[in-house]
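> need a structure here:
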Amino acid sequence: MANRKGRRRFGNVRKLPSGRFQARYLGPDGIERTAPNTFDTERLAGKWLTLVESEIIRGDWQAPEAGDVRLAEYGKEWIAHRRLQPRTRENYEDLFRLHLEPFLGNLSLVPGYDRYHTPERPVATIVQVLALAEQMSPRYTALILVAAFSGLRWGELAALRRCDVDQEVGTVRVPRKLAALKSGMEFGPPKSAAGIRVVALPVVARTALAGHLGGFTDAEPEALVFTGDKGTALRTGNFRRAVKWSTALEDAGMPARVPLPRPAPHG
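Okay, here's the model as predicted:
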């Protein structure tokens, strides 16, 4: 539609050397596009722009190139270009290869496929955490409490050594993490430089950790703080089976995938 000065409020039409007319418009994504064909008259080109404008207003517009990208191609590219830890990358590649690509790999993507929103996850209450800790055997009670009140990730907890714990001031140093890769267990730095940190513990976690060090951690400075029943490094699967994780969460009144709380240290 043209305004009073003869200029269109949406898109533009120009006459080509051939005598035909070309219509162009700026899409909702900020990209200028040209009509797929030219028109005999300026009026027909204007009508085509009016149809496109109405699609945009109704929310029915799609980029003409939509469908050019298949999920199989996009998924592999997405994983390859993300800054991921080795274990995370392996998990993503396996999940995509086994569960997505075989069934949805030929799916054509539409506009907006590269935008996503991660909803906020629920967080366990302190009462639920204490109830969960009570479900654990003595070997794993401190693990739950330190995890909850320090905010350390699983790999960071599994990599903690006795020399990382300062019992006098009640802190733990986080200089490394442990990842279970296909090739075996691998120690490495935290996800980022900011991940190397010192974390203060509240009294409840500090007390539990002191008891744990005295009962379950070897005396050597480099000894792992948290280990499995046989004294070996913690693995997620073995830990979940040993403590009957799903049942323990349910008994504590916690959702199956709820993360532990990360309150500010005190005391």
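> the helices in the chain, which residues?
42-58, 71-80, 86-95, 101-104, 126-135, 138-150, 154-159, 203-216, 236-243, 245-251 (DSSP state H).
> reformat those as CSV; add distance to Phe21, mean neighbour count and mean pLDDT.
Every C-beta, even on glycine, is put in place using the N, C-alpha and C of the backbone. Converted to CSV, the helices of the chain look like this (distance: least, CB to CB, whole Å; neighbours: other CB atoms under 10 Å; pLDDT from 0 to 100):
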stretch, distance to Phe21, mean neighbour count, mean pLDDT
helix 42-58, 4, 15, 90
helix 71-80, 36, 15, 85
helix 86-95, 49, 14, 87
helix 101-104, 42, 12, 85
helix 126-135, 68, 17, 91
helix 138-150, 67, 22, 94
helix 154-159, 62, 22, 92
helix 203-216, 73, 17, 95
helix 236-243, 64, 14, 90
helix 245-251, 66, 15, 91
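> which of the ones you listed sits closest to Ser183?
Closest approach to Ser183 among those (CB to CB): helix 86-95, 9.1 Å.
> helices or strands up against the closest one?
Contact here means 3 or more CB pairs under 8 Å, 6 or more residues apart in numbering; DSSP states H and E; on that basis helix 86-95 packs against helix 71-80, strand 177-181.
> that helix relative to helix 71-80, how many degrees between them?
170 degrees (axes from the mean of the first three to the mean of the last three CA atoms, to 10 degrees).
> name the residues that touch helix 86-95?
Here helix 86-95 makes contact (CB atoms under 8 Å, 6 or more residues apart in numbering) with Ile79, Arg82, Leu84, Gly155, Ala179, Ala180, Leu181, Lys182, Glu186, Gly188.
> which among those count as buried?
Among the contacts of helix 86-95, those classed as buried by 16 or more other CB atoms under 10 Å are Ile79, Gly155, Ala179, Ala180.
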